[in-house]
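K.L.:
can't give you the sequence, but here's the structure:
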């Protein structure tokens, strides 16, 4: 240590520490730390909740998409010429019940029919997936 910069040389005496005074955090410091931890925990819980909700919604939309794809695949697999009109039904995918609505319409080409499938939740309140496809008139 440089003697020229030592506090005792300039008349600034360092206060000696009180050996009886306990070292540690003050109540205010502890409360501030607790507040910071509480804010961090609340933020983490909100993020976890949002992740859980988006995961559930993604699962529901994926299952609905599979229901719609199954409807179009059924038309392709049977190779039947669908009658123009609207049809409704229910399907279950991974133990989740859903409603589907199917609209078969004509196209400018008489050899094709358009099939629009809409999948709704079990109560029929929300559209979860829509899919369109075409059926080709079978050769005779």
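P.N.:
Thanks, I have the structure now. Bear in mind the structure is a predicted one, so any value in this text is a computation, not a measurement.
K.L.:
contacts and neighbour counts: CA atoms only from here.
P.N.:
Fine.
K.L.:
Next up, the contacts around residue 86.
P.N.:
Counting by CA atoms under 8 Å, 6 or more residues apart in numbering, residue 86 makes contact with 101-104.
K.L.:
Make TSV from these and add distance to residue 137, neighbour count and pLDDT to it.
P.N.:
Formatted as TSV, these follow (distance: CA to CA, whole Å; neighbours: other CA atoms under 10 Å; pLDDT from 0 to 100):
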residue	distance to residue 137	neighbour count	pLDDT
101	22	18	97
102	18	21	97
103	17	16	97
104	13	20	97
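K.L.:
how about the residues you listed in JSON lines, adding secondary structure?
P.N.:
Output for the contacts of residue 86, formatted as JSON lines (DSSP: H, G, I helix; E, B strand; the rest coil):
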{"residue": "101", "secondary structure": "strand"}
{"residue": "102", "secondary structure": "strand"}
{"residue": "103", "secondary structure": "strand"}
{"residue": "104", "secondary structure": "strand"}
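K.L.:
got JSON lines for the residues you listed, with distance to residue 50 too?
P.N.:
Converted to JSON lines, these look like this (distance: CA to CA, whole Å):
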{"residue": "101", "distance to residue 50": "30"}
{"residue": "102", "distance to residue 50": "33"}
{"residue": "103", "distance to residue 50": "35"}
{"residue": "104", "distance to residue 50": "38"}
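K.L.:
and which of these is nearest residue 56?
P.N.:
Residue 56 has its nearest neighbour among the contacts of residue 86 in residue 101, at 22.8 Å by CA to CA.
K.L.:
who does that closest one bridge with?
P.N.:
Taking DSSP bridges, one obtains residue 88, residue 118 as the residues bridged to residue 101.
K.L.:
for it, what are its contacts?
P.N.:
By CA under 8 Å, 6+ apart, the residues touching residue 101 are 86-89, 117-119.
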